[in-house]
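J.: Here's my sequence, what's the structure:
(one chain, ligands or ions: 1)
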Amino acid sequence: MSELLLRKSALFTMRFQTVPALGVGDLLSGQLATTTQEQLVAMSSLTGCHRRLSGEEHRILSHIPSGQWMPAAQVAGDLAVSNGAIDALLEDGFLLGDTPEGRIATLREQEEKMLALDWDDFAALYHVQSRVHDLDVAAPLRQAAAMQPTGDQGPPPGAPFQDFLALGAQMSAELHAKSEHFDPPPPPFHKPRNAEPVQNLPLPEGDSAFQALLRHRKTTRVFDQNRPLGLQELSTVLYYTFGCFGHIELAPGLIGLRKTSPSGGSLHPIEAYPLILNVENVHPGIYHYDVERHGLSLLRPMTLEEARHHAVTFTLGQSYFGSAHALVLLTARWFRNFWKYRKAQKSYRVIHVDAGHLSQTLYLLCTEMGLGAFYTGAINDINIEQALDLDPLQEGVIGVAGCGQLLPGGGPLTLETLPYVPPR
Ligand SMILES: Cc1cc2nc3c(=O)[nH]c(=O)nc-3n(C[C@H](O)[C@H](O)[C@H](O)COP(=O)(O)O)c2cc1C
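T.: Numbers count the residues shown, from 1 in each chain. As a prediction, the model looks like this:
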């Protein structure tokens with residue numbers, strides 16, 4: 001420890017958090033805590049660590065200047081703090097050390113990389129803190145199945161849980177519980193305060209094929225596994241959603257692309273990684289969609305069962321998506337955008353809007369082709385990053401789209417809405 005130099009990470013923030021405090025009076029009376037206390041909490045956008053700081057740790061961080069190395073022995077001597085507190089701050093990425101190798105060196109290099117990639121501070125914090133790993137929304141159902149006296153252990157986490165309807169019912173029950181527990185939800189239609197009375201617009205006349213297509217777009221969750229998706233169908237969906245139809249040199253070396261969806265700065269930082277389950281003449285597995293060639297390059301071959309397992313795990317245990325024919329994992333090459341919009345506060349948001357446009361284009365294409373489509377933002381980011389072998393600071397996951405053959409009659413778990421026409 002004596003040789004070690006320390007500096008504060010540039011990539012964390014702190015805030016106060018009010019938590020219940022158990023006083024002696026509370027303990028004696030057996031009552032729930034009525035008093036509160038303030039805790040100082042630190043959040044790292046380097047490691048994702050989010051935890052309370054001890055008084056000793058707070059003193060260490062306040063003592064070490066930003067951007068300057070200081071001997072660890074001097075810090076320990078000046079403040080009479082323990083090496084354990086310094087080690088804990090190093091482990092969680094709040095302090096950085098000059099060690100040449102190991103985790104401390106990796107974190108230091110990662111910080112340098114993150115600063116060089118021009119991440120906006122708040123975007124980086126939000127991004128790192130909002131990524132999840134191994135979450136499973138169907139866990140309560142799996143646990144209930146495992147408790148059955150039949151000895152049936154139920155499917156393991158991430159397995160394609162076949163009882164789609166049970167999962168749909170669980171989600172519906174959770175939503176109804178919210179209605180009972182919370183104040184009424186906000187109304188569906190908004191009337192701004194201080195607005196003048198509504199002046200009705202004429203309803204559109206005529207009905208084009210495109211207008212009908214827009215009206216028929218909907219989310220499909222359960223697909224017909226008895227019919228594979230045709231290779232031409234997959235090719236059409238990928239080409240017209242992610243394919244390139246034009247290019248332009250915006251500045252020396254900076255090439256903008258035209259696709260069927262708009263993109264902030266014409267940069268198109270979103271990459272598509274098809275996870276193929278049931279497509280004619282394409283082996284199951286994870287591929288990269290090569291926009292330049294309009295082709296697929298295989299990253300990870302799998303059996304159909306493995307591909308289903310990944311489809312479900314990637315989508316937080318939403319077992320119905322394991323019935324899709326192809327999923328498309330959407331990632332963002334952050335720096336493709338950050339290079340142009342250096343440290344811009346809006347970049348991170350703009351990239352997500354790009355993904356939204358691509359999703360809608362995929363939905364509309366599928367609707368026209370008689371296929372089902374979906375998009376989900378409920379994803380295990382970290383599982384997908386690991387499967388794609390991504391460095392999440394360079395390229396991160398945004399969401400998952402998917403498509404496949406419709407079940408006769410449309411299938412369950414599709415939102416059936418009542419028709420609506422504005423009153424006249
Ligand atoms: C950003 C975004 C995230 C979504 N996430 C999920 C999801 O996690 N699971 C799911 O089943 N559907 C998801 N959907 C689909 C919506 O639930 C669906 O659009 C909504 O219920 C309206 O139904 P419709 O698309 O059939 O009109 C998502 C859609 C969007 C745009």
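J.: And the pLDDT for Leu27?
T.: Confidence at Leu27, expressed as pLDDT, is 66.
J.: same check, this time on His288
T.: Reported pLDDT at His288 in the predicted model: 99.
J.: Tell me how many other residues crowd it.
T.: A count of neighbours around His288, defined by other CB atoms under 10 Å, yields 17. In short, each C-beta sits where N, CA and C put it, glycine included.
J.: my guess is it is in a strand, correct?
T.: Yes. Secondary structure of His288 (DSSP: H, G, I helix; E, B strand; the rest coil): part of a strand.
J.: Report the separation between the closest residue in space to it that isn't next to it in sequence and Gln39.
T.: Take His288 and drop its neighbours on the chain: the residue closest to it by CB to CB, 6 or more residues apart in numbering is Ser297, 5.0 Å away. When distance is defined by CB to CB, to the nearest Å, Ser297 is 49 Å away from Gln39.
J.: Contacts only, for Ala195.
T.: With CB atoms under 8 Å, 6 or more residues apart in numbering as the criterion, no residue contacts Ala195.
J.: Check Phe164 too.
T.: 221-222, 319-320, 323, 412-413.
J.: Next, count neighbours for the closest residue to the ligand within the stretch 1-150 of the chain.
T.: The shortest separation between the stretch 1-150 of the chain and the ligand is 8.7 Å, found at Val137 (distances taken as CB to the nearest ligand atom). Residues lying near Val137 (other CB under 10 Å) number 16.
J.: That one: what secondary structure?
T.: Per three-state DSSP, the local secondary structure of Val137 is coil.
J.: So it sits against Glu174, correct?
T.: No. Under the criterion of CB atoms under 8 Å, Val137 lies out of contact with Glu174, with a separation of 9.3 Å.
J.: any idea which element the closest residue in space to Leu254 that isn't next to it in sequence lies in?
T.: The spatial neighbour of Leu254 that comes closest, neighbours along the chain excluded (CB to CB, 6+ apart), is Lys340 at 7.1 Å. Taking DSSP states H and E as the criterion, no element holds Lys340; it sits outside all helices and strands.
J.: likewise the one 10 residues further on?
T.: Val350 is part of helix 347-369, with elements assigned from DSSP H and E.
J.: roughly how far is whichever helix or strand comes after that helix from the heart of the chain?
T.: Following the chain from helix 347-369 toward its C-terminal end, the next helix or strand by DSSP H and E is strand 371-376. Relative to the mean C-alpha coordinate of its chain, strand 371-376 is positioned 17 Å out (CA atoms, centre = their mean, to the nearest Å).
J.: Helix 347-369 and strand 371-376, what's the angle between them?
T.: Compare the direction of strand 371-376 with that of helix 347-369 by axes from the mean of the first three to the mean of the last three CA atoms, to 10 degrees and you get 160 degrees.
J.: Against which helices or strands is the next helix-or-strand element following strand 371-376 packed?
T.: Tracing the chain C-terminally past strand 371-376 and defining elements by DSSP H and E, one meets helix 381-388 next. The contact analysis (3 or more CB pairs under 8 Å, 6 or more residues apart in numbering; DSSP states H and E) places helix 381-388 against helix 304-314, strand 326-333, strand 395-405.
J.: residue ranges of the helices in the chain, please?
T.: Secondary structure of the chain (DSSP state H): helices located at 24-29, 55-63, 72-79, 83-91, 103-116, 121-130, 139-146, 164-181, 209-216, 231-242, 304-314, 334-338, 347-369, 381-388.
J.: Good, we can wrap up now.
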